[in-house]
Structures are given as C-alpha cells and as structure tokens.
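**Q** what would the 3D arrangement of this be:
(one chain, ligands or ions: 1)
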Amino acid sequence: MSRLRSVVCGGGAYLPERIMTNSDIAGLVETSDEWIVQRTGIRARHIAADGETTSMLAVRAAQAALADAGVSADEIDLIVVATSTPDYTFPATATQVQAELGITHGAAFDLQAVCSGFVFALATADKFLTSGSHRRALVIGAETFSRLLDWSDRTTCVLFGDGAGALVLEAQEISGGGAGDRGVLTTHLRSDGRHRNKLFVDGGPGSTRTVGHLRMEGREVFRHAVGMITDVIEDAFRATGFTAEDIDWFVPHQANKRIIDASAQKLGIAPEKVVITVDQHGNTSAASIPLALAAARADGRIKRGDLVLLEAMGGGFTWGSALVRW
Ligand code: ACO
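**A** Numbers count the residues shown, from 1 in each chain. Next up is the predicted model:
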C-alpha cells in the first residue's frame, strides 16, 4: 500500500549577528549570569540589528533550506510562516518572503500560535501536501521577539532571542511501512484559550492600537508546560505505536532547559537523545525548533531515516507534537 507523505527534503536557519550574553543583560536589569543559567539554562541569545526584520531572517533561513534541499524557489507552491512578530500587521510576512524569493505562484500565509507556531505550521503544511493540493512547501519559523520585550522587566527580558529556521517539505508517494515509511508520520495540536493571561502581549491593533509588550506569569506557565507537552507526545505515541525508546532525537521547543529536562524525564527519553540549543539562542518562539533541527543536522546527529520527535507549548495556551521520519 502506498500513501502520500510530507517528506523533509532540507532545512536551514539564520541567526542575527549580534550576540547578547547574560552579562550584557546584567548591565540593563538587576540579574546575573548565575541566576539565568540556573533557572533557564540560557547563556546567550541573538538580537536582530536595527532595521533587520522578521521577514529578512525568514528569507535567509528559507534560502539555506532551499540550498540544502536542492530545490529551486520556483518549485515551491506553499509558504507558511509561523510568527508572532510580523514585519507589519499586514500583509503577511509569508508574502514578503515569497516576493523576496521571486515566487509569484502558489499560496503564502502566516500562522500565529506563538511558541507552538512551528509545530502548527508543520501540521498545516502537512495537511495541504497530503491532500494533494500542493507539492512543495517551505515551513518557516521566524521571530524578532526582542522587539516585544520590556527591557526593564527582568522576569521576561532574559528569556527570549531572535532567529529563523525553515524546512522544505515535498509530497511524495511512500510505499511500505516500518522504517521505510518516511516524512511527517503524525501531528497533534491543542489549544486552551482560558490561559490567555498567563502569557500574552498587552497590545495589538484591535485593542490598544500599539504593539505592546510581552507579559508572563512564569511560574504558572512552568506549572502547565510539562503536563501539556507530555500529554500531546503520548497522543503521538498512541497514534503511531512508537514508544520513547524508538525515538532517535527529541527536538523540543527551546523555552527553558528545566522544562525540557522534566518533560524528557517524564516520558523516559534518554538525555543523550535530547537536542538543546536554548543555551545559545534563548527562547526564539516559533523559530526554536527549526533552529535546533538545523544545529543537530549540521553536527551530524540527525540523519536520514532517524525518528525525530518535535513538541512545543506556548501562549494561548497552544501546544502540539509531531513525529517525523527524516
Ligand atoms: N534575575 C534575578 N532574579 C529574578 C529574575 C532575573 N532575571 N527574574 C525573577 N527574579 C526573581 C523574582 O523577582 C523572585 O524574587 P523574590 O523571591 O524576591 O520575589 C525570584 O527571582 C523567583 O522568581 P520566580 O518567578 O518564582 O522564579 P522561577 O524559579 O519560577 O523562574 C522563570 C522564573 C525562569 C521565568 C520560570 O518560571 C520559567 O521558566 N517559567 C516558564 C516560562 C517560560 O519558559 N516562558 C517562555 C514562554 S512559554 C514557552 O515557551 C513554553
């Protein structure tokens, strides 16, 4: 029996040049490298330059992904950009990426699920590709969260960074099961808007007519995160019959090393299978998973045929998982 699968053909990432260390932040607010590392695992983050927008980061990541996949821009007929920091309220960042890549056909749109954005975008693109309506997709997570931060609030400004990552997915007819079955094997998405006030931006065109700043009840987010993450991963295991032992690489959303460690431990995923980049990038929201994927591809960890588990949780709350055979 054969089936249409969204197969990953390549990936890429881009980080702004400027690196801001914990010591740099300690010059702005009352904090310390020791506090930040101990509570979050974060040591540094990249910050976009003045005038460097989310779409610019996204284009660089997309170009790297296309080169890695050996796919030309005109072969792409779907672009989904996950972002909460679009260049403009409209048009979508995705249409700006499309124009920069010289693509004039197909569809391009943004998707907003905050830190879960990349998993939501991947699931969305997968539905388009496996329905047969589109052939090749660029799925991008791109953020300039530094622009949403209140740089006088030490409880939030230490946590986030800027960056972008992308995957190229292609609809392919896959025959056979087991290890021969490749691509996006299952996705599971959840939301619960009752948690809106635990992590939100206090502005927007429809309310304050301003951009606003990120606000968070950190302890509350932490309290919910591990349960939500592990629930939705168990959904992925139930849907596919795989277990924690079958996973080659666990690539979680990079918010906080303590959340990642607690989730992996609860699921029984061995620490050496967990990809961590939060130390170097901070929380880059929708960009964090494709950035971590790019890092683990570049150093030779993730290889073709590997079973890769993705998960994310973020504002809304939203949360989701995806299981991908590379
Ligand atoms: N430097 C020094 N001290 C600080 C800082 C800081 N940057 N921030 C807070 N503190 C102080 C607080 O004021 C408080 O002091 P007090 O006891 O005198 O009142 C003390 O540290 C403890 O504060 P808590 O908020 O209880 O610290 P906690 O251990 O919960 O750590 C943190 C805070 C790191 C935000 C944690 O709650 C967390 O990681 N939550 C998850 C939030 C998250 O990751 N959000 C990202 C977006 S959501 C996502 O992507 C999943």
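
**Q** what about Val232, which SS state?
**A** Here Val232 is recorded as helix under DSSP: H, G, I helix; E, B strand; the rest coil.

**Q** so who does it touch?
**A** The contact partners of Val232, taken as Cβ atoms under 8 Å, 6 or more residues apart in numbering, are 188-190, 311, 319-321. Glycine gets a C-beta too; all of them are placed from N, C-alpha and C.

**Q** got the phi/psi numbers for the closest residue to Gln280 other than its chain neighbours?
**A** Spatially, and ignoring its direct neighbours in sequence, Gln280 is nearest to Ala44 (5.7 Å; Cβ to Cβ, 6 or more residues apart in numbering). Backbone geometry at Ala44, expressed as degrees, to the nearest 10, gives phi -160, psi 160.

**Q** re earlier: tell me the one among the contacts of Val232 nearest to the ligand.
**A** Taking Cβ to the nearest ligand atom as the measure, the ligand sits nearest to Trp319 out of those, at 8.5 Å.

**Q** and that closest one, what's its pLDDT?
**A** Trp319 carries a pLDDT value of 98.

**Q** part of a helix, is Ala225?
**A** Yes - counting by three-state DSSP, Ala225 is found in a helix.

**Q** near the ligand, which residues of the chain show up?
**A** 31, 35-36, 39-40, 115, 154-155, 158-159, 199, 216, 218-219, 221-222, 225, 253, 255-256, 283, 313-314 (Cβ under 6 Å from any ligand atom).

**Q** take those and keep only those in helices.
**A** Among these, the residues falling in helices (DSSP state H) are 35-36, 39-40, 154-155, 218-219, 221-222, 225.

**Q** got a quick PyMOL command for the buried subset of those?
**A** Remark: buried members of these, expressed as a PyMOL selection using 16 or more other Cβ atoms under 10 Å:
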select buried, resi 36+39+40+154+221+225
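
**Q** pLDDT added to the ones in helices among the residues of the chain next to the ligand, as JSON lines?
**A** Converted to JSON lines, these look like this (pLDDT from 0 to 100):
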{"residue": "Trp35", "pLDDT": "98"}
{"residue": "Ile36", "pLDDT": "98"}
{"residue": "Arg39", "pLDDT": "97"}
{"residue": "Thr40", "pLDDT": "98"}
{"residue": "Arg154", "pLDDT": "98"}
{"residue": "Thr155", "pLDDT": "98"}
{"residue": "Gly218", "pLDDT": "95"}
{"residue": "Arg219", "pLDDT": "95"}
{"residue": "Val221", "pLDDT": "96"}
{"residue": "Phe222", "pLDDT": "94"}
{"residue": "Ala225", "pLDDT": "96"}
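
**Q** partner residues bridging the residue lying closest to Leu189 once chain neighbours are set aside?
**A** Closest residue to Leu189 apart from its sequence neighbours, by Cβ to Cβ, 6+ apart: Gly320 at 4.2 Å. Bridge pairing for Gly320 (DSSP bridges) gives the partners Leu189, Ala312.

**Q** Gly320: neighbour count?
**A** By the criterion of other Cβ atoms under 10 Å, Gly320 has 29 neighbours.

**Q** please apply the same query to Asp68.
**A** Neighbours of Asp68 (other Cβ under 10 Å): 19.

**Q** assumed it was part of a helix.
**A** Yes - with three-state DSSP as the criterion, Asp68 is part of a helix.

**Q** need the contact list for it.
**A** Contacts of Asp68 by Cβ under 8 Å, 6+ apart are 10-12, 168.

**Q** find me the pLDDT at it, would you?
**A** 98.

**Q** then Trp249?
**A** Value for Trp249, per-residue pLDDT: 98.

**Q** any idea how far it is from Ala270?
**A** 11 Å (Cβ to Cβ, to the nearest Å).
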